[in-house]
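A.B. asks: Got a predicted structure plus its sequence, pasted below:
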Amino acid sequence: PDVIAALATARGRLTGRLRRHDPGGSGLFAYPAQSNFTGVQHPLTWVDLAQQHGYDVLLDAAAFAPTNRLDLSVVRPDFVCLSWYKLFGYPTGVGALLARRDALARLRRPWFAGGTIRAVSVQGDWHQPMGDESGFEDGTLNFLSIPDVEFGLSWLGSIGVEVIHTRVELLTRWLLEQLTALRHRNGQPLVRVYGPSTVTARGGTVAFNFHHPDGSLVDERLVAVESSTAGFALRTGCFCNPGAAEAAFGIDRDLLRHSIRSRPETIDQHLATLRLPTGGAVRLSFGLASTAADAERFLAFAASTYLDRDGPTDFRLAPRIRC
């Protein structure tokens, strides 16, 4: 219920902003179908809502598409971006931007590069761009890896997106229930989950931090080292999502501006100015290859490593040099 209420509130705020900033049909509204940080899934009805206010819509489906069906005959954004790596793991460095032909025809790029034009004249100061998608491609595409995409899509099709979705949902529900139930001896929770604590309106991405019994956070750099030693590949840090991180840690605009004016030279100095106890969070993601054994083993690791463990430790952590 809290998630549904939050999304309803977000819809109201979005409607207000679209009305205030309506540029008369020449704007672009971009948003993720699923957050890469919290796993929350934003309503696909926002596509139609934004288009009603005159916006073209770019839907970021990179985190959503690997475990959910996106029917573009029903949901009709103007542009959709995808990551083949997130869908089936290989090839890396190859993605896709789907564009409706009428939306593509409205785009004009102010410069050009090789392969994007039909003809060009230096003396005439003139060029004619290609009329299709190649007019927006720069340089030589990774043609050796692109054929692998066909095999990846066929493989996913043979498994079925609905099967993958159900599997990921069950694993996510189980882990969320188990993690949030863990308590130190004094009754304090072991983890704080950022985003929905149930599978309502969320995907298989779970962001959280471990807490010591006194409520202080376990440094995510320590979790990165210890989880890697135990054989887990977790993402730690700020996840290239500054907006979500600022919301999760309650950073207001005035405090952020104060930190920027102080001109911190390192990430650690920036965090100290913001009075943040750590530099981000821990992210666990379920997908096509995840199994129940993976989830059970991670839960056992979390309980045996951090439950009733006092902090801080004297473990020497490398300074943060990047997000």
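C.D. replies: Received, thanks. Residues are numbered from 1 along each chain as shown.
A.B. asks: Now L284, what are its backbone angles?
C.D. replies: phi -120, psi 130 (degrees, to the nearest 10).
A.B. asks: oh, and call the first residue 750 from now on, that's how I've got it
C.D. replies: Yes, from this point I'll number from 750; that puts the last item at L1033.
A.B. asks: The closest residue to it other than its chain neighbours: helix or strand, and which one exactly?
C.D. replies: Excluding its sequence neighbours, the residue lying closest to L1033 (CB to CB, 6 or more residues apart in numbering) is V955, at 4.8 Å. Every C-beta, even on glycine, is put in place using the N, C-alpha and C of the backbone. Per DSSP states H and E: V955 is located in strand 954-959.
A.B. asks: which residues sit against that strand?
C.D. replies: Applying CB atoms under 8 Å, 6 or more residues apart in numbering, the external contacts of strand 954-959 come out as 783-788, 812, 921, 924-925, 928, 939-944, 966-967, 969, 972, 988, 997, 1027, 1030-1035, 1051, 1055.
A.B. asks: What is the least confident helix or strand in the chain?
C.D. replies: helix 751-769 (a mean of 67; mean pLDDT, DSSP states H and E).
A.B. asks: Touching, R867 and P878? I think so.
C.D. replies: Yes - with contact defined as CB atoms under 8 Å, R867 reaches P878; the gap is 7.1 Å.
A.B. asks: Who has more neighbours out of these two?
C.D. replies: Neighbours were counted for R867 and for P878 using other CB atoms under 10 Å; P878 has more, 17 against 11.
A.B. asks: Near V940, how many other residues are there?
C.D. replies: V940: 20 neighbours (other CB under 10 Å).
A.B. asks: quick one: C830 is in a helix?
C.D. replies: No - counting by DSSP: H, G, I helix; E, B strand; the rest coil, C830 is not found in a helix; it is strand.
A.B. asks: my read: it touches A814, true?
C.D. replies: No - applying CB under 8 Å as the test, C830 and A814 come out as separate, 9.6 Å apart.
A.B. asks: returning to what we had before: please list the members of the contacts of strand 954-959 that lie in strands.
C.D. replies: Counted as lying in strands by DSSP state E, out of the contacts of strand 954-959, are V940, R941, V942, Y943, A1030, V1031, R1032, L1033, S1034.
A.B. asks: Kindly provide the distance from the last one to K835.
C.D. replies: According to CB to CB, to the nearest Å, S1034 and K835 sit 9 Å apart.
A.B. asks: so what sits against both of these two?
C.D. replies: Contact with both S1034 and K835 is made by no residue, according to CB under 8 Å, 6+ apart.
A.B. asks: Now the next helix or strand after the least confident helix or strand of the chain - C-alpha only, PDB.
C.D. replies: Next helix or strand after helix 751-769 toward the C-terminus (DSSP H and E): strand 776-781. Extracted as PDB, the C-alpha positions of strand 776-781 are listed here (Å, rounded to 0.1, in the frame of the first residue of the first chain):
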ATOM      1  CA  GLY A 776      10.200  18.600 -25.100                       C
ATOM      2  CA  LEU A 777      11.700  15.200 -24.200                       C
ATOM      3  CA  PHE A 778      10.600  13.400 -21.000                       C
ATOM      4  CA  ALA A 779      12.900  10.500 -20.100                       C
ATOM      5  CA  TYR A 780      12.500   8.100 -17.200                       C
ATOM      6  CA  PRO A 781      13.400   4.500 -16.300                       C
END
